[in-house]
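Engineer: Fold the following and give me the result.
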Amino acid sequence: MPMSLLKTSRLLGVVAGVLLLLPCVREAAAQQARKTCVDCHAEMVAKLQQGVVHAPVREKNCDACHLPHGIIGGTFLRQEQPELCLRCHQNLAPEAGAVSSHEPVKKGNCSACHASHNSPNARLLLKDQKELCYGCHERSHFEKKNIHAPLSQGCGTCHTPHKSKQPHLLVQEADSLCLKCHEGGKETMRKAHQGYVLKGKCLNCHNPHASDAKGLLKAVVHQPIVAGQCRRCHDGTGTDFVKPAQQADLLCVQCHKKDQATLAGQHQPVKEGKCTQCHSIHASEESAMLVMPATVLCLKCHTQGKGKEAQSVHAPVKKGDCLACHAGHGTSKNAGLKAKPADLCAKCHSRQQYGGGQRGHSPAAKNECATCHTPHESKEKRLLIKRDGEICVGCHPQVDDQLARFSLHRPFAAGECSRCHNPHQSSEKAFLVKPANRGELCLSCHVNLHKKPAVGGKGHPPFEEGACLGCHAAHSAEHAFVQHKQPGELCLQCHAKVRKETLEKKNVHEPFKSLQCGGCHLAHGSGQEKHLAKKKPDVCLTCHPEIAIHWQTGVVHAPAGKDCGICHEAHGGNQTALLKTAPDKLCATCHKGDGPRFSKVHSGMNPSGKSCLSCHDPHGAPAKGLLYPVQHAPFKQGSCKACHPGRNN
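Structural biologist: Coordinates of the predicted model:
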């Protein structure tokens with residue numbers, strides 16, 4: 001048999017063997033079970049088996065709630081709350097027909113009360129039941145002098161924790177619940193209730209949780225009940241209570257006639273004789289026997305303070321403390337307020353600080369708070385009836401015309417007059433919040449100006465003295481930066497001498513001619529002499545960059561690199577290019593033309609000073625000598641004779 005055929009035969013045999021073994025491998029792999037959470041988290045599983053254990057945890061069925069993970073660890077729930085919990089606890093889901101539902105149940109927040117895996121408390125509660133309830137319900141309401149016995153056994157005696165067909169999550173109708181323990185016909189009950197047989201309405205008089213009063217009576221009890229005079233309102237004989245023949249509201253006025261006569265026509269319920277709209281009949285935990293806290297009661301009818309667009313809300317309104325300003329029934333004067341508006345405001349807002357001080361703004365001084373403020377809520381800051389500016393213009397119409405000018409002070413443009421002016425009172429002129437003549441007011445906003453360095457610690461004198469209004473208008477102006485005049489004209493009011501001297505010159509520096517002093521100087525001051533915007537010569541290079549074209553790679557003429565003012569006038573001069581003197585004389589102040597060195601570098605010649613600028617750049621050049629970079633060929637070779645026959649070189 002050929003060798004190649006033999007090799008092929010052997011290879012086919014190996015392949016056939018592998019194929020025969022494959023079913024065995026698959027079967028072995030199928031028999032290898034997938035790892036469970038317990039295999040990797042055995043220590044955690046053991047720890048979670050203590051106390052009251054959640055059924056899936058007890059059964060080690062982590063997959064009931066969690067998704068398995070691979071190499072990358074993490075806690076992955078199959079669903080979020082409450083859907084995850086309701087897969088098993090569907091009976092606890094909120095119902096449309098439920099009269100009351102526990103707030104965490106409404107929000108689907110099961111973990112607010114229950115632990116996920118295990119807990120030392122029944123029903124997997126995070127804490128002991130009472131302590132858990134006190135996390136949301138104010139403890140002091142339940143820990144008074146006298147405590148209802150069932151409360152010591154836990155809230156669950158009377159309440160269901162999730163949902164109920166009764167109000168307040170009660171396990172059954174309130175009267176039935178009470179009468180389970182307190183049988184109305186018993187002698188002890190009749191004796192405690194002045195001989196009457198109780199059939200219900202227990203919560204009209206009693207607090208179901210705790211009270212400082214004997215018999216768990218509510219804090220405020222109607223006087224006839226205290227005196228045992230139930231028949232003042234109720235008909236009937238014997239031991240049965242009989243509903244009064246008259247409506248309760250009509251019964252009230254039999255005793256409260258004086259109040260009715262004095263206050264009729266004020267608060268709407270009083271006007272309509274609907275006493276029970278606000279007051280309980282028998283007892284209440286609230287003062288004046290209100291049916292609920294005044295902070296809630298008033299807002300049942302009155303929506304003030306609830307506006308979503310309100311930017312400011314009066315503090316009493318925000319707290320729901322309507323009775324801080326209003327009489328509950330009303331008064332015959334002041335639109336139901338407890339006092340005159342001015343006196344009422346002054347109880348919290350001292351007149352000494354709001355208009356009664358040294359100089360009071362007219363509305364504040366006259367206690368006319370409502371001229372600018374609304375009493376409950378406002379879309380504006382500080383309870384203003386309109387924006388600052390709109391209110392102010394109402395009394396100061398002349399200011400309105402200033403809004404049409406070119407340049408507006410930002411607070412003025414925004415109508416925020418109170419940024420600068422105190423709307424109530426001030427010891428400063430124009431009711432300014434701070435003095436203007438020392439710059440204090442302006443610098444409260446323009447703080448960065450005060451931080452700029454100045455030579456010797458001083459800025460431009462007007463700025464240093466705080467005389468801001470010497471240059472700037474308070475509200476608006478026709479010139480940039482709210483300046484009284486065009487910048488140059490403004491400067492020359494003080495620097496008139498400079499103007500006179502400069503205008504007598506033949507040539508005037510262009511920024512000075514166009515009155516653009518700010519092109520070179522900073523108005524408030526700087527760290528440079530003469531309040532220059534930059535150090536010399538940088539300030540000049542801002543407009544004349546061409547003179548420094550060779551400075552980085554070549555040679556700088558020493559005076560030019562130090563201070564342009566050595567050779568040039570700043571504002572104006574009689575020489576060309578604002579030179580301080582004629583060019584020949586100017587160069588000669590440093591370069592004496594009668595010395596041997598001068599002659600040597602000029603090839604034995606002593607050129608006139610008038611010819612210096614024919615060969616030399618006065619600012620800088622590519623090489624030493626400051627010669628212009630482009631030179632006549634003979635001159636470049638040092639051969640003057642070609643053009644000047646009298647020369648010997």
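
Engineer: residue ranges of the strands in the stretch 101-250 of the chain, please?
Structural biologist: With strands called from DSSP state E, counting those that start in this stretch, the stretch 101-250 of the chain shows them at 118-119, 146-147, 163-164, 210-211, 220-221.

Engineer: what pairs with the last one, and is each one parallel or antiparallel?
Structural biologist: The reference is to strand 220-221. strand 283-284 (antiparallel) (DSSP bridges).

Engineer: Ok, the first one next?
Structural biologist: Sheet partners assigned to strand 118-119 using DSSP bridges are listed as strand 52-53 (antiparallel).

Engineer: now the strand it pairs with, how far from the centre of its chain.
Structural biologist: Strand 52-53 sits 46 Å away from the centroid of its parent chain (CA atoms, centre = their mean, to the nearest Å).

Engineer: After that strand, which helix or strand is next? Please name it.
Structural biologist: helix 55-58 (DSSP states H and E).

Engineer: buried stuff in that next one?
Structural biologist: Within helix 55-58, the residues that count as buried by 16 or more other CB atoms under 10 Å are Pro56, Val57. In short, each C-beta sits where N, CA and C put it, glycine included.

Engineer: now the strands of the stretch 101-250 of the chain in a markdown table, with mean neighbour count?
Structural biologist: Below are those laid out as a markdown table (neighbours: other CB atoms under 10 Å):
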| stretch | mean neighbour count |
| --- | --- |
| strand 118-119 | 18 |
| strand 146-147 | 14 |
| strand 163-164 | 18 |
| strand 210-211 | 18 |
| strand 220-221 | 17 |
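
Engineer: So for the residue nearest to Cys587 when sequence neighbours are not counted, what's the pLDDT?
Structural biologist: Nearest non-adjacent residue to Cys587, counting by CB to CB, 6 or more residues apart in numbering: Cys612, 4.6 Å away. Reported pLDDT at Cys612 in the predicted model: 90.

Engineer: you'd agree Cys612 is in a helix?
Structural biologist: Yes. Secondary structure of Cys612 (DSSP: H, G, I helix; E, B strand; the rest coil): part of a helix.

Engineer: can you tell me how far it sits from Gly554?
Structural biologist: Plainly put, Cys612 is 18 Å away from Gly554 if you go by CB to CB, to the nearest Å.

Engineer: now Ile385
Structural biologist: 71 Å.

Engineer: Run a quick neighbour tally on the residue nearest to Cys587.
Structural biologist: 18 (other CB atoms under 10 Å).

Engineer: who are the neighbours in contact with it?
Structural biologist: Pro583, Asp584, Cys587, His591, Pro618 (CB atoms under 8 Å, 6 or more residues apart in numbering).

Engineer: burial of the third one, as a residue count?
Structural biologist: Residues within reach of Cys587, counting by other CB under 10 Å, total 19.

Engineer: quick one: secondary structure of it?
Structural biologist: helix.

Engineer: what's the spacing between it and Cys372?
Structural biologist: In terms of CB to CB, Cys587 sits 73 Å off from Cys372.

Engineer: got it, and Pro363?
Structural biologist: From Pro363 to Cys372 the distance is 6 Å (CB to CB).

Engineer: quick one: which of these two has more around it?
Structural biologist: Remark: of Pro363 and Cys372, Cys372 carries more neighbours, 22 against 18, as counted by other CB under 10 Å.

Engineer: Work out for me the element the nearest residue to the more buried one once chain neighbours are set aside sits within.
Structural biologist: Nearest residue to Cys372, sequence neighbours excluded (CB to CB, 6+ apart): Ile391, at 5.3 Å. Per DSSP H and E, Ile391 falls inside helix 388-395.

Engineer: which parts of that helix are buried?
Structural biologist: Judged by neighbour count (16+ other CB under 10 Å), helix 388-395 contains these buried residues: Asp388, Gly389, Ile391, Cys392, Val393.

Engineer: Between the two ends of stretch 530-548, how far is it?
Structural biologist: 23 Å (CA to CA, to the nearest Å).

Engineer: Would you mind listing the buried residues in that stretch?
Structural biologist: For stretch 530-548, by 16+ other CB under 10 Å, it's His531, Leu532, Lys536, Pro537, Val539, Cys540, Leu541, Ile547, Ala548.

Engineer: Can you say which of the contacts of Cys612 are buried?
Structural biologist: Pro583, Cys587, Pro618.

Engineer: With distance to Ala149 as added columns, please give the residues you listed in TSV.
Structural biologist: Below are these laid out as TSV (distance: CB to CB, whole Å):
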residue	distance to Ala149
Pro583	115
Cys587	115
Pro618	109
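
Engineer: mind giving me a markdown table with those and columns for pLDDT and distance to Arg87?
Structural biologist: Below are these laid out as a markdown table (pLDDT from 0 to 100; distance: CB to CB, whole Å):
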| residue | pLDDT | distance to Arg87 |
| --- | --- | --- |
| Pro583 | 89 | 100 |
| Cys587 | 91 | 100 |
| Pro618 | 95 | 93 |
